[in-house]
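# pasting the structure only:
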């Protein structure tokens, strides 16, 4: 039996002595041959330098943001990669990780300030470019950054490991590849695009991808810095807390991203099943020309175009019956069938004919819309602006005898109801604004309607408003209009609640 002071003796709940010796030897080698070869002071000095808000940092941010948003709007991967190569946000992001590892709070504040300034500035620049751009469609490059999933987290994790290692070991050329892999700027550009176009789906999805990359890079950089001995100012308790927070943040990000990945996988599998089910309703000579699926609708909406030598009037019923058990959800199927010959050339010609017919139908629809808008606005047809690509139509209406702002709003609403996938804007003439009546402390039903008309008319005419009425009623109306950033000037007439008169701000007098 081993004695109490025998070095070979160990409690039964401890690791085997042989394993402890191997582990101790490995630690000794790591600290002497790896950690001991790192010039930590030089690494920290370089990382601190990358965290400052300098003129160079702001300039490179602006350039990277501009290149990124233009590449996304043009759907050009090469241009987007150019924005990734500049990578101005990588410095403060990895610097934040090193600052957390060392517990240097002044450095943490510096890195956080640089990241906050960089994030806000990039979003504003990209939003401004998107607003000024004639192209505001959601391109494939934009859509690719609106649905982050677990794979994006893993890409950021492995890239952060490579980037932190490269910076510690003085091989910073590797950071270029890391910048491309994690891509902080393109998601921010998509956030700016979503803000400019008021598209919440694009905005929120891209923002989640940006924070996924940002948090993962910072967390992994913290872990790598700790592994290489960058922990001079941390106590053992702080180190354990830091490790817990890193793991918690990664798990917290992994849960929603894993759910998103599961949904994407289901939709990918469903797409294959839908394609097969549509073609199974025809013989093997049929070809699927086009298919569109709306998974968010209830039931799922499927619109397909099939080129077939033989038309099948029961194709939609057969497809819906087959898809029910496959998808586990109800599906509504609309199949447009075109009879074609049996040769490949005939099918290709038919496919081209379908595309041309669809394009011509869009042209005819836009022409009819322009004709209707011109009629209700009382202007020639060539004064109607129609943007087929973005599906927008705008017209300046002429003053019509007896027509109030409510009449113009109703005209726009009626035309918009017949064209739900178009954005219709009928710009009315400057007619008198309705007064907002109150009942107790809230607008009456008529007052709410007047408020809606004012919210509709002011952004189209774009002239500030003058509000006259009791103090409390003015505060209520001002708050309601401020939600749309409508400029107002108030003239108080007593206190409490009562009718608020609304008028257009008169033009400044010219001396």
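Cool, the structure landed. Fair warning: this is a prediction, and the values are worked out from it, not measured in the lab. Numbering: from 1, shown residues only.

# what ranges do the strands span in this protein?
Listed in chain order, the strands found in the chain under DSSP state E are 287-294, 300-308, 331-339, 385-387, 392-396, 423-427, 438-439, 442-443, 465-469, 488-492, 501-504.

# please report how far residue 119 lies from residue 270.
Relative to residue 270, residue 119 is positioned 36 Å away (C-beta to C-beta, to the nearest Å). From N, CA and C alone the C-beta is placed, and that goes for glycine too.

# typo on my end, it should be residue 313
For residue 313 relative to residue 270 (C-beta to C-beta), the value is 26 Å.

# tell me which of those two has more neighbours.
More crowded of residue 313 and residue 270, by other C-beta atoms under 10 Å: residue 270, with 20 against 7.

# residue 504: what's it in contact with?
430, 433, 461, 463-466 (C-beta atoms under 8 Å, 6 or more residues apart in numbering).

# so it bridges to which residues?
Beta-bridge pairing for residue 504 (DSSP bridges): residue 465.

# just residue 294 next, same as before
residue 301.

# my read is that it contacts residue 270, right?
No: contact criterion C-beta atoms under 8 Å: residue 294 and residue 270 do not qualify, at 11.8 Å.

# coming back round to it: dump the strands of the chain into JSON lines; add distance to residue 168 and mean pLDDT as well.
Listed next are those as JSON lines, based on distance: least, C-beta to C-beta, whole Å; pLDDT from 0 to 100:
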{"stretch": "strand 287-294", "distance to residue 168": "47", "mean pLDDT": "80"}
{"stretch": "strand 300-308", "distance to residue 168": "50", "mean pLDDT": "83"}
{"stretch": "strand 331-339", "distance to residue 168": "54", "mean pLDDT": "82"}
{"stretch": "strand 385-387", "distance to residue 168": "52", "mean pLDDT": "78"}
{"stretch": "strand 392-396", "distance to residue 168": "52", "mean pLDDT": "83"}
{"stretch": "strand 423-427", "distance to residue 168": "52", "mean pLDDT": "83"}
{"stretch": "strand 438-439", "distance to residue 168": "66", "mean pLDDT": "88"}
{"stretch": "strand 442-443", "distance to residue 168": "62", "mean pLDDT": "88"}
{"stretch": "strand 465-469", "distance to residue 168": "59", "mean pLDDT": "90"}
{"stretch": "strand 488-492", "distance to residue 168": "57", "mean pLDDT": "86"}
{"stretch": "strand 501-504", "distance to residue 168": "64", "mean pLDDT": "90"}
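
# and residue 115, how far from residue 377?
Taken as C-beta to C-beta, the span from residue 115 to residue 377 is 49 Å.

# hmm, I was thinking of residue 228
Between residue 228 and residue 377 the computed distance is 69 Å (C-beta to C-beta).

# next one: residue 139
32 Å.

# neighbour count for these two, which is higher?
When neighbours are counted by other C-beta under 10 Å, residue 139 and residue 377 differ, and residue 377 comes out ahead with 23 against 16.

# show me the contacts for that one.
When contacts are counted by C-beta under 8 Å, 6+ apart, residue 377 touches 383-384, 395-398, 426.

# tabulate these (a markdown table), appending distance to residue 335.
A markdown table is the format used below for those (distance: C-beta to C-beta, whole Å):
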| residue | distance to residue 335 |
| --- | --- |
| 383 | 40 |
| 384 | 35 |
| 395 | 37 |
| 396 | 42 |
| 397 | 41 |
| 398 | 45 |
| 426 | 37 |
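
# switch those residues over to a markdown table; also include distance to residue 308 and neighbour count.
A markdown table is the format used below for those (distance: C-beta to C-beta, whole Å; neighbours: other C-beta atoms under 10 Å):
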| residue | distance to residue 308 | neighbour count |
| --- | --- | --- |
| 383 | 45 | 16 |
| 384 | 39 | 22 |
| 395 | 42 | 24 |
| 396 | 48 | 15 |
| 397 | 47 | 21 |
| 398 | 51 | 12 |
| 426 | 43 | 23 |
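
# tell me the one of the residues you listed nearest residue 318?
Minimum distance to residue 318 across the contacts of residue 377 is 43.8 Å, recorded for residue 384 (C-beta to C-beta).

# now that closest one: how far from residue 401?
Residue 384 sits 21 Å away from residue 401, going by C-beta to C-beta.

# got a markdown table for the contacts of residue 504, with neighbour count and distance to residue 203 too?
As requested, those are exported to a markdown table (neighbours: other C-beta atoms under 10 Å; distance: C-beta to C-beta, whole Å):
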| residue | neighbour count | distance to residue 203 |
| --- | --- | --- |
| 430 | 11 | 34 |
| 433 | 21 | 32 |
| 461 | 15 | 28 |
| 463 | 13 | 29 |
| 464 | 12 | 28 |
| 465 | 21 | 29 |
| 466 | 15 | 34 |
